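*Asks:* A predicted structure for the sequence below; I have some questions about it.
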Amino acid sequence: MFAFVPIPITPFIFREYKWAKIKNALTSQPIRVPLAGVLGVLAYLMAVFSYSIAPLSYAGSIREVSVVFGAFAGWWFLKEKMGGVRLLGAIVIFAGIVVIAIFG
């Protein structure tokens with residue numbers, strides 16, 4: 001999956017962002033860009049591993065907590081706006097995880 005997904009997506013990325021922006025990102029942040037790719041693969045592998053040792057309902061729901069962390073990381077580190085819809089979504093996801101943890 002990781003080897004073949006970039007093939008059809010790459011032309012759309014170049015069309016949207018143009019080569020100059022992509023080159024600028026790669027040269028200005030030579031560690032962060034590849035690190036983001038590696039961390040994405042590791043996150044996926046951790047989720048797959050958790051499916052092998054825990055019931056799918058638990059592992060799948062806990063995996064969704066990354067959405068909550070991502071929303072808050074975007075707000076905290078990237079200074080993105082934490083609008084009402086994003087905040088409500090994060091609260092609903094977190095509440096769902098709490099319900100699954102308590103009631104199984």
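*Replies:* All right, it came through fine. Please read all numbers here as calculations on a predicted model, not as lab measurements.

*Asks:* Please count neighbours and contacts with C-alpha atoms only from this point.
*Replies:* Fine.

*Asks:* Which parts of this structure are helices?
*Replies:* 6-28, 32-53, 56-63, 65-76, 84-103 (DSSP state H).

*Asks:* mean pLDDT lowest for which of these?
*Replies:* Mean pLDDT values for these show the minimum at helix 56-63, a mean of 71.

*Asks:* Now do it: which elements does it pack against?
*Replies:* With contacts defined as 3 or more Cα pairs under 8 Å, 6 or more residues apart in numbering; DSSP states H and E, helix 56-63 has these neighbours: helix 32-53, helix 84-103.

*Asks:* JSON lines please, covering the ones you listed and showing mean neighbour count.
*Replies:* Formatted as JSON lines, the helices and strands packed on helix 56-63 follow (neighbours: other Cα atoms under 10 Å):
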{"stretch": "helix 32-53", "mean neighbour count": "13"}
{"stretch": "helix 84-103", "mean neighbour count": "14"}
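
*Asks:* Tell me which of those lies nearest to residue 77.
*Replies:* Closest to residue 77 of the helices and strands packed on helix 56-63 is helix 32-53 (Cα to Cα; 13.7 Å).

*Asks:* Identify whichever of the helices and strands packed on helix 56-63 lies nearest to residue 63.
*Replies:* Nearest of the helices and strands packed on helix 56-63 (Cα to Cα): helix 32-53, 6.6 Å.

*Asks:* Thanks a lot, see you next time.
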